[in-house]
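Asks: sequence unknown, structure follows:
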């Protein structure tokens, strides 16, 4: 005996996805050690959002030290990314440097809806003087508060 079922009505598309707003300004601390050089600083993002797409800017400011010398560092650039639908969405962000336009670094994580913060994991990287060659890389997880 063979049976069959057929669905009726509607266009099959279902409801449109809903995207939680992560738009806003965020900041958090950066800390790590790479090749004997310590990093301490602040990483910030300003995000605008259109549905599941995010754009904006990033900035960092801090110091690098090997225990003897102390060097102030700063950087800025643009970001783009995606936001998953639903509550506590996953977030993927690509940052680009204003100084080195062909450079990009990827961060992934999630937005905490209750606490209004982003937790992202990726590498914060630094270039050699007047060059786009990465000389220090700090893989880390950052908690960025709105």
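Replies: Structure's in. What do you need? Owing to the predicted nature of the structure, the values given are computational and were not obtained by experimental measurement.
Asks: quick check: residue 41 vs residue 32, distance?
Replies: Distance of residue 41 to residue 32, computed by C-beta to C-beta, to the nearest Å: 10 Å. (Each C-beta comes from the backbone N, C-alpha and C, glycine too.)
Asks: okay, now the spatially closest residue to residue 76 that is not a sequence neighbour: neighbour count?
Replies: Excluding the flanking residues, the one nearest residue 76 by C-beta to C-beta, 6 or more residues apart in numbering is residue 59, at 4.7 Å. Number of residues near residue 59 (other C-beta atoms under 10 Å) recorded here: 15.
Asks: can you list the strands that whichever strand or helix holds residue 59 pairs with?
Replies: According to DSSP states H and E, residue 59 maps onto strand 53-65. Here strand 53-65 has these sheet partners by DSSP bridges: strand 37-50 (antiparallel), strand 70-83 (antiparallel).
Asks: so what does the helix or strand that the last one is followed by touch, helix or strand wise?
Replies: When you say that, I think you mean strand 70-83. Of the helices and strands lying after strand 70-83 in sequence (DSSP H and E), the nearest is strand 90-97. Contacts defined by 3 or more C-beta pairs under 8 Å, 6 or more residues apart in numbering; DSSP states H and E place strand 90-97 against strand 53-65, strand 70-83, strand 104-112, strand 117-127.
Asks: which residues sit against the strand holding residue 59?
Replies: Contacts of strand 53-65 from elsewhere in the structure, counted by C-beta atoms under 8 Å, 6 or more residues apart in numbering, are 22-23, 30, 37-49, 70-83, 91, 93, 95, 124, 126, 136.
Asks: how about stretch 74-85?
Replies: Residues from elsewhere that reach stretch 74-85, judged by C-beta under 8 Å, 6+ apart: 17-20, 22, 45, 47, 49, 51-62, 89-99, 111.
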